[in-house]
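**Student:** I'd like to go over a predicted model; first the sequence, then the structure.
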Amino acid sequence: MAQPAEVRDKAFAEFVLPEVEVLLRVAMTLTAQPADAEDLVQDTLLRAYRAIDRFDGEHPRAWLLTIMRRAEINRHRRRRPHLLDDPDIDLDRLTSDGTVASPEEVVVGEDFDEVVSVALAGLPDKHQQVVRLVDIGGLSYAEAAEVLDVPQGTVMSRLHRARKRIRTQLAAAGLAPKRSRV
């Protein structure tokens, strides 16, 4: 049974509006584009408003993050995945110079950023999300697990695999030391 508009508005103001800043921060880590993040937050707020009369008042942040996660999943399903033309060509171009740079030049150089971007884009979506939430967005493992609705161990495992793949690509481009198995 739907509640009167003023009751819904009051509940929305009490439970949802204080969480908008957190929603925007999490949306930025999920989408990595400010316009997409704002669209995702707007979609989340709209869905929350429509469902506020079914909300029990317990854990509004978790409720809103669940709505956001589902909204992002639905948005992602509607989009075609962006495929790289040929990441191997980009990596070959980066390593063709042959000059040796200092560690500082490597880390702040455009080549490093480009290889990391290509490596990140080449990761499966579930690994990209974890890197964006934890490494870029600064969320804890527990917070990322809540956003993604997976166990904390899954977040840690995905992050380990993602970092390993990025390190491997950096090493192949000559921008990180190759790790030897001992």
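**Tutor:** Now that the structure is in, tell me what you want to look at.

**Student:** Could I get the full set of helices for this structure?
**Tutor:** For the chain, helices defined by DSSP state H occupy the ranges 5-11, 20-31, 34-51, 60-78, 87-95, 103-108, 110-121, 125-130, 141-148, 152-172.

**Student:** Could you report the neighbour count for the closest residue to His127 other than its chain neighbours?
**Tutor:** Once flanking residues are discounted, His127 sits nearest to Ala162: 3.9 Å by CB to CB, 6 or more residues apart in numbering. Glycine gets a C-beta too; all of them are placed from N, C-alpha and C. A count of neighbours around Ala162, defined by other CB atoms under 10 Å, yields 23.

**Student:** Equivalent analysis for Glu19, please.
**Tutor:** 20.

**Student:** how does the protein divide up, domain by domain?
**Tutor:** 5-78, 87-172 (automatic domain parsing).

**Student:** starting at the chain centroid, how far to the first one?
**Tutor:** Going back to what we said before, that points to domain 5-78. Counting by CA atoms, centre = their mean, to the nearest Å, domain 5-78 is centred 16 Å from the centre of its parent chain.

**Student:** same thing with stretch 117-129?
**Tutor:** 9 Å.

**Student:** can you give me the mean pLDDT across it?
**Tutor:** Mean pLDDT, computed over stretch 117-129, is 87.

**Student:** buried ones in it?
**Tutor:** By neighbour count with 16 or more other CB atoms under 10 Å, stretch 117-129 contains the buried residues 118-120, 123, 127-129.

**Student:** Looking at the residues you listed, which is nearest Thr44?
**Tutor:** Closest approach between the buried residues of stretch 117-129 and Thr44, by CB to CB: Gln129, at 16.1 Å.

**Student:** separation between the closest one and Leu120?
**Tutor:** Per CB to CB, to the nearest Å, Gln129 is found 11 Å from Leu120.
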